[in-house]
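> task: produce atomic coordinates for the following.
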Amino acid sequence: MKLSFAYSPCPNDTFMFEPIVSGRIDTEGLRFDIHLADVEELNKSAFDEKYDITKLSFNAYTKLTTQYQLLNSGSALGRKCGPLLISKKNMSNEDVRNGKIAIPGKNTTANFLLSFAYPELLNKSEMIFSEVEASVINEEADAGVIIHENRFTFQDKGLVQIKDLGEYWEEKTGFPIPLGGIVTRRRFTKELKQKIDRVIARSVAYAMSHPESGNEYIRSHAQEMDIVVMKSHINLYVNGFSANIGAEGQAAINHLFENHPLVEKGNYEKPLFVQKGDKESTNDLLTEEYWTSSYVNNMIGWDVGEITPPIKDFVDTIEDKTLAILIPGAGNGHEAEYLHNQGFTNVTVCDLSMKPLQNLKGRCPAFPDNHLIQGDFFEMENKFDLIIEQTFFCAIDPSLRESYAKKAKSILNTNGQIVGLMFDVIFPFNGPPFGGYMADYKILFSKYFENVNMEKCTTSIAPRFGKEIFVKIG
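Here you go, the predicted structure:
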């Protein structure tokens, strides 16, 4: 089957979808007729239902839910990556309201975010996004909203930032910035939509795992040819949300819909997202690059900035500070930092990504390098007395949980234990994090351990209260 697929020539899109163009991945028999166009042109084409699969602005999608449905991968959404309002000189809010403002299309999310910050603007001028900057330089507009590559180079041309519109959205809503997504025809069968969803996810995962593979294709379409700018663009807009929109991303889009001035509350086609199929494990997407991107882009909602109270209370009861302790998938390592500062001498941290290990080392320069392991928990060979479980069990695909139990048993010394926190709730989204129920955990771990003690946690932080159990398994 051949499907039309349209996206922008910007580096984030060409980076994510080059594996499809170059035949680097399994497309499950689907073939694609590729079209590249400016985002506002894509928005207009979506209103005409021109393409089977297309990139569009989330702002435009608020008017297109009966025609299209969002895929779970390929989105441009994140933090500190929104459009910027720029000018040749500093402008007051009153100056902005009364000035002529160049925008990259009325249907763009950039225009929505401009109106979100300045709801009483009097004079907007639509143009192609690549012309906005020049219109300000040539004083054809008093200010302009820039997106894509221009946000990295505007200062080199003597322009100044008036407001970071994405940052303003984040401050007011607390949500990441929903810029654009990939949609497919809602009328397609469930099976076809899920197949398309898998192929797009596979393409993004391949690109993130092989970041240099598409350089020639990306460079051939980039407006800004400087390699540093291209890389900066990709690193900013391709992130964990691109691999899997997840709960936080879906919440941001739902918030946009529920608070959009032109959307009658609840009056749009649901569900917004294609239902995920079960043919491909989410674990295929949870690569080193996925997690590194999450840390680089500060998309680590599970990180509370310090050791959590239940783990701290347990650690404070340990008298033998020479215990061999493993913290797998340790996030930014707050538990390891606390143990180190309390005088524990044999703590090992293992994470698939180097970034959180570097973050820990930055805070704890004396933490021994040979106990910071960039690697896969399932390939660990050393023996330990204790595994501290805080963020790992809920971050791996549930299909790996039995393997987790087996591996933990094999690397624990006699009388060794797994101690920590697990979720006792099923989330209304496809993780990470992944939920589950205590009863199921007891059955699983009882296959490999004699003592499986689990109880509702009474000292969880507020957002997780009632959703966690404290486990001692050994």
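> please, which helix or strand holds Met230?
helix 227-237 (DSSP states H and E).
> could you say what helices and strands that helix packs with?
helix 11-21, strand 76-78, helix 215-221 (3 or more Cβ pairs under 8 Å, 6 or more residues apart in numbering; DSSP states H and E). All C-beta spots, glycine's among them, are computed from the backbone N, C-alpha and C.
> export these to JSON lines and append columns for distance to Lys472 and mean pLDDT.
Converted to JSON lines, these look like this (distance: least, Cβ to Cβ, whole Å; pLDDT from 0 to 100):
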{"stretch": "helix 11-21", "distance to Lys472": "43", "mean pLDDT": "95"}
{"stretch": "strand 76-78", "distance to Lys472": "38", "mean pLDDT": "88"}
{"stretch": "helix 215-221", "distance to Lys472": "50", "mean pLDDT": "92"}
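> low-confidence regions, this structure specifically.
By pLDDT under 70, the weakly predicted segments of the chain are 223-225, 278-285, 289-290, 293-294, 296-304, 428-431.
> got the domain boundaries for it?
Domains of the chain are assigned by automatic domain parsing as 2-76+177-296, 84-173, 309-473.
> can I get these in CSV with mean neighbour count?
Converted to CSV, the domains of the chain look like this (neighbours: other Cβ atoms under 10 Å):
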stretch, mean neighbour count
domain 2-76+177-296, 19
domain 84-173, 19
domain 309-473, 17
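> can you give me the helices for the stretch 301-450 of the chain?
309-315, 334-341, 354-363, 401-411, 438-446 (DSSP state H, counting those that start in this stretch).
> nearest to Asn98, out of these?
Among the helices of the stretch 301-450 of the chain, helix 354-363 comes nearest to Asn98, with 45.0 Å by Cβ to Cβ.
> could you check how far the closest residue to Tyr206 other than its chain neighbours is from Tyr217?
The shortest distance from Tyr206 to any non-neighbouring residue, by Cβ to Cβ, 6 or more residues apart in numbering, is to Pro19 (4.2 Å). Using Cβ to Cβ, to the nearest Å, Pro19 is found at 10 Å from Tyr217.
> need the residues that contact the helix holding Met230.
Identification of contacts with helix 227-237 by Cβ atoms under 8 Å, 6 or more residues apart in numbering yields 10-12, 15, 76, 78, 80-81, 148-149, 152-153, 179, 211, 218-219, 222, 224, 293, 296-297.
> now it: how far from the chain's centre is it?
With Cα atoms, centre = their mean, to the nearest Å as the basis, helix 227-237 stands 16 Å off its chain's centre.
> one more: stretch 392-400?
17 Å.
> circling back to that earlier point, the helices of the stretch 301-450 of the chain: which one's closest to Ala143?
Of these, nearest to Ala143 by Cβ to Cβ is helix 354-363, at 36.1 Å.
> correct me, but Ile20 touches Thr27?
Yes: counting by Cβ atoms under 8 Å, Ile20 does reach Thr27; the two are 6.6 Å apart.
> the helix holding Met230 to helix 11-21, inter-axis angle?
90 degrees (axes from the mean of the first three to the mean of the last three Cα atoms, to 10 degrees).
> which element follows helix 227-237 toward the C-terminus?
helix 240-243.
> now do that next one: distance to the chain's middle.
For helix 240-243, the distance to the chain centre is 4 Å (Cα atoms, centre = their mean).
> elements contacting it?
Where contact means 3+ Cβ pairs under 8 Å, 6+ apart, helix 240-243 is packed against strand 76-78, helix 190-209, helix 246-259, helix 288-296.
> dump these into CSV; add distance to Ile387 as well.
As requested, those are arranged in CSV below (distance: least, Cβ to Cβ, whole Å):
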stretch, distance to Ile387
strand 76-78, 32
helix 190-209, 27
helix 246-259, 26
helix 288-296, 19
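> tell me the gap between the strand ranked longest in the chain and the middle of its chain.
Longest strand in the chain by number of residues (criterion: DSSP state E): strand 412-423. From the chain centre to the centre of strand 412-423 is a distance of 30 Å (Cα atoms, centre = their mean).
> relative to helix 334-341, how tilted is it?
Going by the same axes, to 10 degrees, strand 412-423 makes 130 degrees with helix 334-341.
> Ile146 contacts Ser130, correct?
No: using Cβ under 8 Å as the test, Ile146 is too far from Ser130 to be in contact (9.5 Å).
> who are the neighbours in contact with the residue nearest to Val425 when sequence neighbours are not counted?
Of all residues not flanking Val425 in the chain, Lys467 sits nearest, at 4.4 Å (Cβ to Cβ, 6+ apart). Going by Cβ under 8 Å, 6+ apart, Lys467 touches 423-425, 460.
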